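Asker: Could you look at this predicted model? Sequence included:
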Amino acid sequence: MRQLLICAGLLGLPAVPSFTQQPSQQSVHKSDPRLPLLQAFFRDAHSPLHALAPDFLEAADHHSLDWRLLPSISMVETGCGRTAVGKNIFGWDSGRKQFASFRDAIQLVASRLGNSKLYRGKDLVQILATYNPRPDYAGLVRSVMKQLGPSYQAMPRFLTEASLSPVSSSLYRARPELPQ
């Protein structure tokens, strides 16, 4: 009987992972050419997100997003977290959603943009129009993305976990920019 009660209690626990309890995967290698660009971007913006640059890259790679998308949305929505309320650095759910941490916000929004039926199969302009339908919104975010640097293809996970040499870092290939 006691074993049954313990089992029943476990079934009542939520199956949603807590991102705050998990440290960042940190599979973004120090020689990743995107990392110093993103760190400089946050530093220049006087952002509290500076230390989370690897988390942004990991989330983008994991969910097949352009690495510049999430930081750019955070810049447009909250000045890279400077005006965020409730750790909501992306203005998610019209700014109503509260997060336990910035890392939680990064993980949830990356997951939704990469996997939700609302965003799946859409190009960047369509994703941004769905995210915020204001006519000028996509242009604002894309402008920040261009300031961040070139678009690199996401590296396969097995390469981000391995040490990159100058030869292997040539695997990055710039994607063509979307037409204006």
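Answerer: Thanks, I have it. Numbers count the residues shown, from 1 in each chain.

Asker: Where do the helices of the chain begin and end?
Answerer: Along the chain, the segments classed as helices by DSSP state H run 2-11, 34-44, 53-62, 69-78, 102-115, 124-131, 137-148, 157-161.

Asker: Tell me which residues are up against the second one.
Answerer: Meaning helix 34-44. For helix 34-44, the external contacting residues (Cβ atoms under 8 Å, 6 or more residues apart in numbering) are 28-29, 47, 49-50, 52-54, 56-57, 67, 71, 80, 147-149, 152. C-beta: built from backbone N, CA, C; applies to glycine.

Asker: Show me which of these are buried.
Answerer: Listed as buried from those are 28-29, 47, 49-50, 52-54, 56-57, 67, 71, 80, 148-149, 152; burial here means 16 or more other Cβ atoms under 10 Å.

Asker: Which two among these are spaced furthest apart?
Answerer: Distance extremes for the buried ones among the contacts of helix 34-44: the farthest pair is His29 and Cys80 at 23.2 Å, using Cβ to Cβ.

Asker: who's in contact with stretch 83-97?
Answerer: Residues outside stretch 83-97 that contact it (Cβ under 8 Å, 6+ apart): 49, 70, 73-74, 77-78, 80-81, 98-102, 104-106, 108-109, 132.

Asker: got the helices of the chain as CSV, with distance to Ile89 columns?
Answerer: Listed next are those as CSV, based on distance: least, Cβ to Cβ, whole Å:
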stretch, distance to Ile89
helix 2-11, 34
helix 34-44, 11
helix 53-62, 10
helix 69-78, 5
helix 102-115, 5
helix 124-131, 14
helix 137-148, 14
helix 157-161, 23
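
Asker: Turn those helices into JSON lines, columns for mean pLDDT and distance to Asn88.
Answerer: Shown next, in JSON lines, are the helices of the chain (pLDDT from 0 to 100; distance: least, Cβ to Cβ, whole Å):
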{"stretch": "helix 2-11", "mean pLDDT": "45", "distance to Asn88": "31"}
{"stretch": "helix 34-44", "mean pLDDT": "96", "distance to Asn88": "17"}
{"stretch": "helix 53-62", "mean pLDDT": "97", "distance to Asn88": "15"}
{"stretch": "helix 69-78", "mean pLDDT": "98", "distance to Asn88": "7"}
{"stretch": "helix 102-115", "mean pLDDT": "97", "distance to Asn88": "6"}
{"stretch": "helix 124-131", "mean pLDDT": "96", "distance to Asn88": "14"}
{"stretch": "helix 137-148", "mean pLDDT": "96", "distance to Asn88": "17"}
{"stretch": "helix 157-161", "mean pLDDT": "41", "distance to Asn88": "27"}
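
Asker: could you measure Val141 against Gln98, distance?
Answerer: To Gln98, Val141 is 23 Å away according to Cβ to Cβ, to the nearest Å.

Asker: more crowded one of those two?
Answerer: Taking other Cβ atoms under 10 Å, Val141 and Gln98 do not tie; Val141 has more neighbours (24 against 13).
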